[in-house]
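Visitor: Sequence isn't available, so here's the structure alone:
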Ligand SMILES: NC(=O)c1ccc[n+]([C@@H]2O[C@H](COP(=O)([O-])OP(=O)(O)OC[C@H]3O[C@@H](n4cnc5c(N)ncnc54)[C@H](OP(=O)(O)O)[C@@H]3O)[C@@H](O)[C@H]2O)c1
């Protein structure tokens, strides 16, 4: 009887200690990076290399990263799909940031050919001193469905766009960063990578790849002086998410400004305090959070359908 009581006490003790640890860690992850820490000098972390490369940089989060890094004095290499949009983002940046250079590469990341990567991107990157790489480009389904109903081509594109550029561009940039013993690589994952919402199976699985890729690289390059950050945004108001700005769904400019301040402070984080608070809730049991996320997704789909029907009627 006494032995049984002792075992129960020990289990209760470990359980309480574990819960205490999780709560303290959650609070620390909210308070330290977003309220206490001073932003690091990115030029120093980049080893004084002058170029920043941002993928998917003509809209949403990527465009705002490019702007923010330009404001900090980095030359910017924009890589995205549409040349006209690249030209107009370049013009916008140069209008505000006079003393930097901006170059563009139009590349459709559905193209998985390594030869094309080498000819169109890597050959250019290798000639520049790149201090920062932001692997931002990503694709999510415009109409999330269970896998048996999902558009197969779109699923294939999500896998290719979300996993290949991050892999190839990181491989291409590492040699010069290793040589310099410095550099910053920011890989944009998603809060969805922690959930098992069936309609997001392909998207969230592709983002799990990024999480594991970053963890493994951080392990391998721990002594290299290279900063490798994983970002897990929740909703940001962009074309991809189709959500309006709200307390928790930030404007991409506000999001990028906040996230950039965490470089060199948090190796994996959500990027802003609002999402970090949500992440603490996400650490609740998986089934509960998946149920909650699924209901939110269904509600969003109904609203989008109503908006589409309304727009069709008005035409
Ligand atoms: N928004 C969110 O709520 C949210 C949440 C979690 C994670 N994320 C992640 O954050 C990243 C950025 O998302 P976002 O919401 O800012 O997206 P977005 O507003 O849709 O912007 C996507 C950018 O990527 C470019 N792009 C798209 N497909 C491309 C392709 N095939 N080849 C080359 N460029 C392409 C787009 O260029 P075009 O303008 O030419 O299309 C655009 O510049 C993604 O990795 C996403 O998974 C976003």
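Guide: Cool, got the structure. Since we're looking at a predicted model, the values are computed, not measured. Residues are numbered from 1 along each chain as shown.

Visitor: contacts, neighbours, all on C-alpha from now
Guide: OK.

Visitor: Get me the contact residues on the chain for the ligand.
Guide: Taking Cα under 6 Å from any ligand atom, the part of the chain that reaches the ligand is made up of 56-62, 80-82, 107-110, 136-139, 188-191, 233-241.

Visitor: Can you turn the buried part of the residues you listed into a PyMOL selection?
Guide: Listed next is the PyMOL selection for buried residues among the residues of the chain next to the ligand, using 16 or more other Cα atoms under 10 Å:
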select buried, resi 56+57+58+59+60+61+62+80+81+107+109+110+136+137+138+139+188+189+190+191+233+234+235+236+237+238+240+241
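
Visitor: So which of the residues of the chain next to the ligand belong to helices?
Guide: Cross-referencing the residues of the chain next to the ligand against helices under DSSP state H gives 60-62.

Visitor: In strands, which of the residues of the chain next to the ligand appear?
Guide: Per DSSP state E, strands hold the following members of the residues of the chain next to the ligand: 80, 188.

Visitor: show me where pLDDT drops low in the chain?
Guide: Counting by pLDDT under 70, the chain shows low-confidence ranges at 1-4, 282-289, 291-292.

Visitor: Neighbours of the closest residue to residue 65 other than its chain neighbours, how many?
Guide: The spatially closest residue to residue 65, leaving aside those adjacent along the chain, is residue 256, at 5.5 Å (Cα to Cα, 6 or more residues apart in numbering). Neighbour count of residue 256, defined by other Cα atoms under 10 Å: 24.

Visitor: what element comes up after whichever strand or helix holds residue 256 heading to the C-terminus?
Guide: Using DSSP states H and E, residue 256 sits in helix 252-260. Downstream of helix 252-260, the next assigned helix or strand under DSSP H and E is strand 268-269.

Visitor: For that following strand, name the packing helices and strands.
Guide: Strand 268-269 sits against strand 226-231, with contacts defined as 3 or more Cα pairs under 8 Å, 6 or more residues apart in numbering; DSSP states H and E.

Visitor: wait, what's in contact with the residue nearest to residue 269 when sequence neighbours are not counted?
Guide: Nearest non-adjacent residue to residue 269, counting by Cα to Cα, 6+ apart: residue 231, 5.3 Å away. Going by Cα atoms under 8 Å, 6 or more residues apart in numbering, residue 231 touches 186-190, 268-271.

Visitor: Any idea what residue 231 is bridged to?
Guide: Per DSSP bridges, residues listed as beta-bridge partners of residue 231: residue 188, residue 269.

Visitor: The ones in helices among the residues of the chain next to the ligand into CSV, with extra columns for distance to residue 169?
Guide: Output for those, formatted as CSV (distance: Cα to Cα, whole Å):
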residue, distance to residue 169
60, 20
61, 18
62, 15
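
Visitor: any idea which of these is the one closest to residue 196?
Guide: residue 61 (24.0 Å; Cα to Cα).

Visitor: Helix, strand, or coil at residue 304?
Guide: Per DSSP: H, G, I helix; E, B strand; the rest coil, the local secondary structure of residue 304 is helix.

Visitor: what's the spacing between the host helix or strand of residue 69 and its chain's center?
Guide: Counting by DSSP H and E, the element that carries residue 69 is helix 60-71. Put simply, helix 60-71 sits 13 Å off its chain's centre (Cα atoms, centre = their mean, to the nearest Å).

Visitor: now do stretch 170-177
Guide: The answer for stretch 170-177 is 19 Å, by Cα atoms, centre = their mean.

Visitor: Buried residues, it. List them.
Guide: Across stretch 170-177, burial judged by 16+ other Cα under 10 Å covers 170, 172-174, 176-177.

Visitor: do stretch 199-212 as well
Guide: Applying 16+ other Cα under 10 Å to stretch 199-212 flags 199-211 as buried.

Visitor: go on, stretch 132-145?
Guide: Those would be 132-141, 144, for stretch 132-145 by 16+ other Cα under 10 Å.

Visitor: Next: stretch 145-161.
Guide: For stretch 145-161, using 16+ other Cα under 10 Å, the buried residues are 154-155, 157-161.

Visitor: what do you get for stretch 22-34?
Guide: 26, 29-30, 33-34.

Visitor: if you look at those residues, which of them are in helices?
Guide: Using DSSP H, the buried residues of stretch 22-34 in helices are 26, 29-30.

Visitor: thinking again about what came up before, taking their axis directions, the helix holding residue 256 and strand 226-231 sit at what angle?
Guide: Calculated by axes from the mean of the first three to the mean of the last three Cα atoms, to 10 degrees, helix 252-260 forms an angle of 140 degrees with strand 226-231.

Visitor: Quick one: list the elements packing against helix 252-260.
Guide: Packing partners of helix 252-260 (3+ Cα pairs under 8 Å, 6+ apart): helix 60-71.
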